[in-house]
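**Q** Here is a sequence with its predicted model. Questions after.
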Amino acid sequence: MAGLTAAYELERLGYRVEILEGSHRLGGRVYTHQFADGATAELGAMRIPRSHRMVLGLIGDLGLGSKVCRFESLFSDPSAYHATATGYARVGDVAKTLVTKFRRDLPQARSCDEALLLCGWLAAAGEAIAPAGFRTQMYHEFRHGLLPAVGRLDLRPFVGAGGCGQIDVHAFFAAHPEIKQGCGGRIAGFIDDILAVTSAELIRLEGGLGQLPTRLSERIRGPIKRGHEVIGLDVRDDCVLLDVQIGDVVVRRRCEQVLCTIPFSVLRRLRIRGLSEAKMKAISDMPYWPATKVAFHCREAFWERDGITGGASFSGGRIRQTYYQQVDGRRQAGAVLLASYTLGEEAEFLGRLPVRARHALVRRELGRMHPEVLRPGMLLNAVSVAWGRNRWSRAAAVTQWGTSPAEREAERATAAAPEKRLFFAGEHCSSNPAWIEGAVESGVRAVRDIQRWAPLSGARS
């Protein structure tokens with residue numbers, strides 16, 4: 001998305017552009033899979049916050065504004081499930097369990113129920129989205145940083161009519177943005193992402209986000225060469241030399257300017273010469289987490305008979321999150337369930353399994369929460385992507401959880417800095433890592449860098 005955005009903007013400014021794409025599919029980690037009956041599953045990016053103005057502007061630019069729909073996420077449907085130590089509870093009934101868990105883990109805490117509830121809801125979201133290794137740090141920061149900070153405040157204005165049943169964490173942090181710093185700033189990015197993925201202000205595109213790279217590629221006049229894998233970079237004062245593998249042949253290309261949008265998780269495996277020590281360290285050290293998504297094409301939306309109309313469940317175990325996809329337009333012959341969405345250790349475990357074994361495990365585990373999925377004939381098809389094992393990504397996205405804002409900005413600046421005639425873009429070079437907004441933002445910024453280097457020169461990028 002970063003490369004396509006940059007190419008689109010460069011051509012609008014009058015530059016000539018040529019795109020080299022290693023794989024045979026455009027869009028990178030924006031990947032909408034289409035089943036035979038037309039139903040779709042998002043195996044990559046699946047949601048956009050309404051606050052992400054750059055990507056929303058691009059959606060309008062590409063004539064996709066009429067396809068914008070609400071995306072329902074974690075906690076949006078009170079009938080969805082939440083895994084607990086004693087089984088599955090409905091989201092609408094789980095508040096008491098969250099408070100009890102925090103109070104049991106902190107027997108000496110004098111915090112009010114409202115503070116325990118706020119931390120409990122954040123921890124519940126963290127349990128669903130965070131990798132296992134990070135969850136330990138999350139609980140430590142919540143207990144020893146966030147809970148004491150919020151316990152000093154009056155949280156009653158943010159509690160719903162059900163007493164301790166509901167608390168508006170989004171309104172609370174909007175009113176008290178400084179509270180995130182009560183965790184020393186190292187958990188602030190994580191809280192921001194929790195608020196983003198549980199927001200009521202999320203959108204999707206009817207027909208899938210894969211329409212974004214498709215529409216962009218249709219607008220680009222320059223050649224887009226798929227199956228052209230860059231395997232080496234030699235950065236010189238007057239040019240950049242690219243070693244490009246096309247089938248069994250390796251060709252050397254001499255380019256006046258190059259924009260590199262290869263994820264650093266892949267770039268660190270290439271043969272690279274001519275980069276500064278700081279850039280090489282940034283490429284080597286950039287933190288990525290794997291992610292794995294498994295989607296089931298089901299005979300029917302059986303979850304609707306259970307009262308679930310959308311949103312997501314915290315399914316626990318190795319499968320973590322389950323999303324109930326909304327049906328667009330006429331009801332398809334089947335229905336799509338994002339059966340499992342995992343990050344970190346669970347994603348790596350699922351990613352290592354052979355595809356059939358992966359799908360079978362997810363089906364068994366999901367069957368504990370939704371036994372209907374085990375019925376003969378219910379599962380029509382299954383697809384998955386283990387992004388940590390994917391040749392073109394080697395990971396899902398950059399993570400900057402657990403680092404301070406100053407550390408995150410330093411990493412971003414080093415990652416995005418041009419090196420002679422080589423420029424960089426991608427969500428790893430942005431202030432919004434792991435979001436399409438970050439890719440678009442970085443592509444636009446790279447265009448400005450190229451303009452400063454070669455203003456309207458007509459040189460290739």
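**A** Received, thanks.
**Q** What's the separation between L26 and L212?
**A** Computed with CB to CB, to the nearest Å, the distance linking L26 and L212 is 10 Å. (Each C-beta comes from the backbone N, C-alpha and C, glycine too.)
**Q** Comparing those two, which residue is more hemmed in?
**A** Between L26 and L212, L212 has the larger neighbour count (other CB atoms under 10 Å), namely 27 against 20.
**Q** list the contacts for that one?
**A** M1, G27, V30, V55, L58, I59, L62, L64, L205, I436 (CB atoms under 8 Å, 6 or more residues apart in numbering).
**Q** Inside helices: which ones of the residues you listed?
**A** V55, L58, I59, I436 (DSSP state H).
**Q** Now do the contacts for the third one.
**A** Taking CB under 8 Å, 6+ apart as the criterion, I59 is in contact with I48, G65, V68, L205, L212.
**Q** that's a strand at A83, yeah?
**A** Yes. A83 forms part of a strand when assessed by DSSP: H, G, I helix; E, B strand; the rest coil.
**Q** Could you report the neighbour count for it?
**A** A83: 21 neighbours (other CB under 10 Å).
**Q** pretty sure it contacts G316?
**A** Yes. Using CB atoms under 8 Å as the test, A83 is close enough to G316 to be in contact (3.0 Å).
**Q** which among the contacts of I59 gets closest to R152?
**A** Nearest to R152 among the contacts of I59 is I48, at 35.3 Å by CB to CB.
**Q** count of neighbours near the residue nearest to that closest one when sequence neighbours are not counted?
**A** The shortest distance from I48 to any non-neighbouring residue, by CB to CB, 6 or more residues apart in numbering, is to I203 (5.1 Å). Counted with other CB under 10 Å, residues neighbouring I203 total 18.
**Q** what's the answer for R253, then?
**A** Close neighbours of R253, defined as other CB under 10 Å, add up to 16.
**Q** Chain neighbours aside, what residue packs nearest to it?
**A** Spatial nearest neighbour of R253, chain neighbours left out: L242 (4.3 Å); criterion: CB to CB, 6+ apart.
**Q** shaky segments in this structure?
**A** Residue ranges of the chain with pLDDT under 70: 105-111, 161-165, 182-186, 328-333, 456-461.
**Q** measure V244 to N390 for me?
**A** Separation of V244 from N390 (CB to CB): 20 Å.
**Q** ok, these two, which is more surrounded?
**A** Set V244 next to N390 and count neighbours by other CB under 10 Å: N390 wins out with 23 against 18.
**Q** how close does that one get to R29?
**A** 9 Å.
**Q** Sheet-wise, list the partners of the host helix or strand of T292 with their directions.
**A** Using DSSP states H and E, the element containing T292 is strand 291-298. Here strand 291-298 has these sheet partners by DSSP bridges: strand 335-343 (antiparallel), strand 379-386 (antiparallel).
**Q** Packed most tightly, which of the ones you listed would that be?
**A** Highest mean neighbour count among the strands paired with strand 291-298 (mean count of other CB atoms under 10 Å): strand 335-343, with a mean of 25.
**Q** how far out from the middle of the chain is that one?
**A** Mean C-alpha position of strand 335-343 versus that of the full chain (CA atoms, centre = their mean, to the nearest Å) differs by 14 Å.
**Q** and the very next helix or strand once past that strand with strand 379-386, angle?
**A** The first helix or strand that comes after strand 335-343 along the chain, using DSSP H and E, is helix 345-352. Counting by axes from the mean of the first three to the mean of the last three CA atoms, to 10 degrees, helix 345-352 points 110 degrees away from the direction of strand 379-386.
**Q** which other residues reach whichever helix or strand comes after helix 345-352?
**A** Later in the chain than helix 345-352, the nearest helix or strand by DSSP H and E is helix 355-369. Outside helix 355-369, the residues within contact range by CB under 8 Å, 6+ apart are 81, 83, 88, 292, 294, 296, 313, 315, 317-319, 322, 339-340, 350-351, 353, 373-374, 379, 382, 384, 386.
**Q** Next, the angle from helix 355-369 to strand 335-343.
**A** Interaxial angle, helix 355-369 versus strand 335-343 (the same axes, to 10 degrees): 100 degrees.
**Q** residues in contact with the most centrally placed residue in the chain?
**A** Centroid-nearest residue in the chain: A434, 4.4 Å away (criterion: CA atoms, centre = their mean). By CB under 8 Å, 6+ apart, the residues touching A434 are D193, A396, A397, V398, T399, E427.
**Q** Could you grab the helix/strand/coil label for it?
**A** coil.
**Q** Which positions within stretch 68-88 qualify as buried?
**A** Buried positions in stretch 68-88, judged by neighbour count with 16 or more other CB atoms under 10 Å: 68, 71-77, 79-84, 88.
**Q** now do the same end-to-end measure for it.
**A** The straight-line separation of the ends of stretch 68-88 (CA to CA, to the nearest Å) is 33 Å.
**Q** still on that earlier bit, can you name the residues bridging to the residue nearest to I48?
**A** I48, R70.
**Q** which residues does it contact?
**A** Applying CB under 8 Å, 6+ apart to I203 gives the contacts R47, I48, P49, R50, L56, V68, C69, R70, F71.
**Q** Same question for F71.
**A** M46, R47, I48, L202, I203, R204.
**Q** Leaving out the residues flanking it, which one is nearest to the fourth one?
**A** The reference is to L202. Leaving aside its chain neighbours, L202 sits nearest to F71 (4.0 Å; criterion: CB to CB, 6+ apart).
**Q** got the residue ranges for the helices in the stretch 101-250 of the chain?
**A** For the stretch 101-250 of the chain, the helices defined by DSSP state H, counting those that start in this stretch cover 113-129, 132-141, 147-151, 169-175, 188-197, 211-219.
**Q** if you compare these, which one is most tucked away?
**A** With neighbours defined as mean count of other CB under 10 Å, the helices of the stretch 101-250 of the chain peak in mean count at helix 113-129, which reaches a mean of 23.
**Q** Return the distance of that one from the chain's centre.
**A** With CA atoms, centre = their mean as the basis, helix 113-129 stands 21 Å off its chain's centre.
**Q** what packs against it?
**A** Packing partners of helix 113-129 (3 or more CB pairs under 8 Å, 6 or more residues apart in numbering; DSSP states H and E): helix 95-105, helix 132-141, helix 147-151, helix 169-175, helix 188-197, strand 312-316, strand 320-324.
**Q** now that helix and helix 95-105, what's the angle there?
**A** 100 degrees.
**Q** between helix 113-129 and helix 188-197, how big is the angle?
**A** If you take the same axes, to 10 degrees, helix 113-129 sits at 80 degrees to helix 188-197.
**Q** by how many degrees do helix 113-129 and strand 320-324 diverge?
**A** Here helix 113-129 runs at an angle of 90 degrees relative to strand 320-324 (the same axes, to 10 degrees).
**Q** In PDB, could you pull the C-alpha coordinates for helix 113-129?
**A** Output in PDB follows, covering the C-alpha atoms of helix 113-129 (Å, rounded to 0.1, in the frame of the first residue of the first chain):
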ATOM      1  CA  ASP A 113     -14.900  -1.000  41.800                       C
ATOM      2  CA  GLU A 114     -15.000   1.600  39.000                       C
ATOM      3  CA  ALA A 115     -11.200   1.600  38.700                       C
ATOM      4  CA  LEU A 116     -11.000  -2.200  38.800                       C
ATOM      5  CA  LEU A 117     -13.700  -2.300  36.100                       C
ATOM      6  CA  LEU A 118     -11.800   0.100  33.800                       C
ATOM      7  CA  CYS A 119      -8.600  -1.900  34.200                       C
ATOM      8  CA  GLY A 120     -10.500  -5.100  33.800                       C
ATOM      9  CA  TRP A 121     -12.100  -4.100  30.500                       C
ATOM     10  CA  LEU A 122      -8.600  -3.000  29.200                       C
ATOM     11  CA  ALA A 123      -7.100  -6.300  30.400                       C
ATOM     12  CA  ALA A 124      -9.900  -8.200  28.700                       C
ATOM     13  CA  ALA A 125      -9.100  -6.600  25.400                       C
ATOM     14  CA  GLY A 126      -5.400  -7.200  26.000                       C
ATOM     15  CA  GLU A 127      -6.000 -10.800  26.600                       C
ATOM     16  CA  ALA A 128      -7.600 -11.100  23.200                       C
ATOM     17  CA  ILE A 129      -5.200  -9.100  21.100                       C
END
